[in-house]
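Visitor: Provided below are the primary sequence and the corresponding predicted coordinates.
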Amino acid sequence: MMPLESSDHVVVVGAGLAGWRFVEALRREGYDGALSLIGDEPYPPYDRPPLSKHVLAGKWEVDRTLLATPELVTKHEVTLHLGEAVTDLDVAGTTVHLKNGTALTGTHVVIATGTKARRLPFSADPLIHTLRSHNDVVGLNEALSRLAPASIVAVIGGGFIGAEVATSLHARGFVPLVLEAALRPLVNVLGPEASSWLEGLAGDVGIELRNEQAILDVVAADEGFTVVFAGGATLDVAAVVVGAGALTNDEWLKTSGLTIDNGVVVDENLLATDRIGAIGDVARFMWKSSTGTELVRIEHWQVANDHAAHLARYWTRGEAPVAMMVPYFWSDQYGKKIQMLGHAKPGDTVTRVSGTIEEGRWLALYSRERTITGVLALNQPRALMLSKVLLEEPIALDEALERAPWAR
């Protein structure tokens with residue numbers, strides 16, 4: 001691989017966290033050639049996690065989430081193409097075509113288009129809110145401003161986004177009602193045992209959670225909405241927010257010839273071809289973990305940061321990271337902080353090693369075939385970070401229990 005030179009032009013498609021961090025990383029690594037960043041939203045890159053937390057709760061104005069300030073855009077000498085949707089990619093010519101009919105040709109292209117909120121086929125879908133973007137949170141806040149205090153808001157989906165939305169709504173004096181389709185929230189992410197330890201968090205702060213809810217439709221009513229359940233029961237609410245996961249933004253690549261399978265498939269260096277890479281939520285990449293190498297797609301804020309640094313270093317120096325990447329995510333919900341390291345599977349064995357459910361703070365290890373695959377913590381941030389060493393190389397559960405780094 002030839003390192004980037006001053007004569008190159010790197011085109012980054014996607015002006016979210018991954019795309020912007022890649023811009024910063026390239027400049028930090030010394031690349032001084034042309035750099036273009038394309039985003040379909042009219043806003044400079046901003047941070048998404050605070051939208052469902054600080055912004056929806058009314059603690060921050062949405063502009064506070066800005067990552068790419070005018071000063072940083074000037075400093076990094078990046079040309080922004082905002083409010084421009086992409087339609088396709090010419091892989092051989094490393095050319096991105098925009099909806100307005102223009103084309104942007106580079107020597108290298110980075111795909112960082114991330115994900116979009118999954119919508120559900122309800123009759124009132126155009127009036128139902130999701131929370132993924134700047135416009136989403138502005139629209140939801142405007143709708144909430146028209147509601148009376150203590151209005152009931154249905155939150156469909158009790159996962160991370162749903163729980164954070166419910167928490168913020170509750171803090172503002174509304175009455176969120178969380179409707180979860182599964183046996184309990186996060187059971188398909190954390191597994192049956194760990195999800196059961198978290199099930200009571202909503203009720204502890206006075207938020208109603210209903211599990212195993214089969215919703216047939218949501219229809220607009222004279223005042224608000226009616227949620228229609230299987231069996232014929234109905235529920236009238238003032239507003240509806242759906243938190244039902246995300247879909248990859250890769251439709252524009254369907255004629256590119258790249259391998260698209262639950263994201264853009266790339267190798268261990270995040271490359272689809274020598275001159276085209278994919279990073280962040282849209283990338284399905286070869287990940288080396290404590291249990292081997294597997295093809296994964298991980299929608300974590302930290303992974304987007306790590307991907308940006310990895311690809312920038314590889315294209316400028318030809319160097320791949322030596323240490324294993326340890327995925328990390330967190331969620332602030334119902335007055336608690338949930339954090340996880342690694343990429344454990346729901347079927348992995350879970351061993352709680354400190355704290356109790358009753359005291360509302362604990363730490364647990366995930367293992368597969370007796371090898372540590374993840375660490376999950378509730379209100380134990382220091383213990384979690386001390387335990388990161390258990391995922392930096394393959395370590396057996398027995399050895400982890402003996403070392404007990406969380407107890408230092």
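Guide: Okay, I see it.
Visitor: quick one: the helices in the stretch 251-400 of the chain?
Guide: 301-317, 381-386, 397-403 (DSSP state H, counting those that start in this stretch).
Visitor: next: the stretch 1-150 of the chain.
Guide: 17-28, 49-50, 70-75, 134-145.
Visitor: out of those helices, indicate the one that is most buried.
Guide: helix 17-28 (a mean of 24; mean count of other C-beta atoms under 10 Å). Where C-beta positions appear, they are placed from N, C-alpha and C, glycine not excepted.
Visitor: and the angle for that one with helix 301-317?
Guide: Relative orientation of helix 17-28 versus helix 301-317 (axes from the mean of the first three to the mean of the last three C-alpha atoms, to 10 degrees): 30 degrees.
Visitor: ok, back up a step: winner for burial among the helices of the stretch 251-400 of the chain?
Guide: It is helix 301-317: most buried of the helices of the stretch 251-400 of the chain by mean count of other C-beta under 10 Å, with a mean of 22.
Visitor: which residues touch it?
Guide: Contact with helix 301-317 is made by 1, 3-4, 10, 16-19, 21-22, 24-26, 28-31, 48-49, 108, 110, 112, 269-271, 277, 279-281, 283, 285, 319-321, 325, 327-329, as judged by C-beta atoms under 8 Å, 6 or more residues apart in numbering.
Visitor: filter these down to the buried ones, PyMOL style.
Guide: The buried residues among the contacts of helix 301-317 can be selected in PyMOL (16 or more other C-beta atoms under 10 Å) with this line:
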select buried, resi 4+10+16+17+18+19+21+22+24+25+26+29+31+48+49+108+110+112+269+270+271+277+279+280+281+283+285+325+327+328+329
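Visitor: break this structure into its domains for me.
Guide: The chain breaks down by automatic domain parsing into domains covering 9-116+247-317, 119-244, 344-407.
Visitor: surely E268 and P321 touch.
Guide: No: proximity of E268 to P321 does not meet the contact threshold set by C-beta atoms under 8 Å, at 9.6 Å.
Visitor: now do stretch 114-128: distance to the chain's middle.
Guide: 17 Å (C-alpha atoms, centre = their mean, to the nearest Å).
Visitor: er, stretch 31-41 actually
Guide: Chain-centre distance of stretch 31-41: 22 Å, with C-alpha atoms, centre = their mean.
Visitor: same question for stretch 129-148.
Guide: 19 Å.
Visitor: before we move on, what about stretch 323-335?
Guide: With C-alpha atoms, centre = their mean, you get 10 Å for stretch 323-335.
Visitor: model confidence for the closest residue to R352 other than its chain neighbours, exactly?
Guide: The shortest distance from R352 to any non-neighbouring residue, by C-beta to C-beta, 6 or more residues apart in numbering, is to A364 (4.4 Å). We have a pLDDT of 98 for A364.
Visitor: do you know which of the helices of the stretch 251-400 of the chain lies nearest V353?
Guide: Nearest of the helices of the stretch 251-400 of the chain to V353, taken as C-beta to C-beta: helix 397-403 at 6.8 Å.
Visitor: packing partners for the closest one?
Guide: For helix 397-403, the elements it packs on are strand 349-356, strand 361-368, strand 371-378, judged by 3 or more C-beta pairs under 8 Å, 6 or more residues apart in numbering; DSSP states H and E.
Visitor: so which elements touch the last one?
Guide: This points to strand 371-378. By 3+ C-beta pairs under 8 Å, 6+ apart, strand 371-378 packs against helix 192-198, strand 336-342, strand 361-368, helix 381-386, helix 397-403.
Visitor: tilt between that strand and strand 349-356?
Guide: Using the same axes, to 10 degrees: strand 371-378 against strand 349-356 is 30 degrees.
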